[in-house]
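the sequence and its predicted three-dimensional model are supplied below.
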Amino acid sequence: MAMIYLLYLLYFAIAVTVALSLLLYTYQCELLYASGFPTGSRSVVARPSQFGLPDKEVILVTKDGYKIRSYVMIQRGEDVAIQSPTVVCFHAHTGNMGHRLPIAQMYTKFRSRILPLCSYGLSEGRPTEKGLKIDAQTMLEYIKQHPILKHTKLIAYGQSLGGSVAISLVSRNEDKFDALIIENTFLSVPLLVPHIFPALRHLVYLVHQTWKSYKTIKYVHHVPILFLSSLKDELVPPGHMAKLYNISQTSGVKVWRDFENGTHNDTCMQNGFFESIAEFVRDNVWELD
């Protein structure tokens with residue numbers, strides 16, 4: 001009887017393991033790129049004009065044939081715009097670019113800011129690591145062909161997953177960037193899984209969306225980097241950001257700013273957040289008015 005009970009227990013354990021393995025392998029894109037959360041994120045996207053910002057949407061076609069949408073908020077007046085740095089913003093794994101428009105306070109706060117945003121939203125396709133890298137490269141090529149933007153200093157700014165996208169893009173195009181800013185970014189997805197899904201910690205070998213930022217950041221050799229870390233981050237352990245800072249081998253300036261009471265999604269609301277960015281940009285990228 002005891003033997004039969006043990007066999008049933010073993011079969012159950014195997015069944016659970018197989019189920020979790022299938023879940024992780026098959027649905028990891030849906031888990032990692034939660035483009036439909038909150039509800040309606042793929043169909044309802046706020047406009048910059050709702051926040052008093054220049055309102056222009058561009059539709060770009062990637063080399064794999066998908067149409068991606070982005071807001072390009074250019075400082076009014078061509079003379080001002082050419083003398084202003086450009087920030088390419090890659091947001092976290094949920095929502096769309098409309099949800100991040102309040103962060104465009106950087107644009108109004110610094111006065112000389114150009115702020116394109118890339119996101120899921122109304123863009124075509126199903127997010128994957130390969131696809132997001134292509135999307136980011138497409139946006140960079142658009143900037144470098146733009147009559148105004150191509151003359152400006154260029155900064156990549158990424159939140160969480162967006163930080164991994166930004167690191168990857170800069171590491172492959174370092175000669176085109178003047179600075180990199182990352183916020184609450186993880187070392188890699190396999191190293192993050194045990195923290196978010198402890199039950200899957202022994203199945204990380206099934207992760208195919210890896211985003212190994214701990215490797216790619218080593219290929220950023222001279223661009224200045226600003227690390228923004230919330231010390232009460234409940235999704236990405238702050239230790240991931242600290243290790244990225246230590247691993248980075250850039251000969252440019254490395255600046256660390258942490259926020260004692262910040263969590264994963266409210267870093268921009270912490271005292272000193274925008275001031276830290278303004279100081280970093282002023283000292284390492286451009287002389288802001």
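All right, it came through fine. Residues are numbered from 1 along each chain as shown.

quick one: the helices in the stretch 151-289 of the chain?
Applying DSSP state H, counting those that start in this stretch to the stretch 151-289 of the chain gives helices spanning 161-172, 189-196, 213-216, 238-247, 273-284.

give me the buried positions along the second one.
Neighbour-count burial for helix 189-196, with 16 or more other Cβ atoms under 10 Å as criterion, is recorded at 189, 190, 191, 192, 193. All C-beta spots, glycine's among them, are computed from the backbone N, C-alpha and C.

burial count for residue 82?
16 (other Cβ atoms under 10 Å).

repeat for the one 3 residues further on
Number of residues near residue 85 (other Cβ under 10 Å) recorded here: 20.

quick check, pLDDT for it.
Per-residue confidence (pLDDT) for residue 85: 86.

state the distance from it to residue 253.
Noted for residue 85: a distance of 16 Å to residue 253, by Cβ to Cβ, to the nearest Å.

how about residue 238?
Using Cβ to Cβ, residue 238 is found at 21 Å from residue 253.

looking at these two, which is more packed in?
Neighbour totals were compared for residue 238 and residue 253, and residue 238 leads with 16 against 13 (other Cβ under 10 Å).

what helix or strand is residue 136 located in?
Per DSSP states H and E: residue 136 is located in helix 129-145.

which neighbouring elements make contact with that helix?
Using 3 or more Cβ pairs under 8 Å, 6 or more residues apart in numbering; DSSP states H and E as the contact test, the elements touching helix 129-145 are strand 57-61, strand 67-73, strand 86-90, strand 115-118, helix 161-172.

how about TSV for these, with distance to residue 30 and mean neighbour count added?
Listed next are the helices and strands packed on helix 129-145 as TSV, based on distance: least, Cβ to Cβ, whole Å; neighbours: other Cβ atoms under 10 Å:
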stretch	distance to residue 30	mean neighbour count
strand 57-61	24	13
strand 67-73	19	21
strand 86-90	19	26
strand 115-118	20	25
helix 161-172	14	26
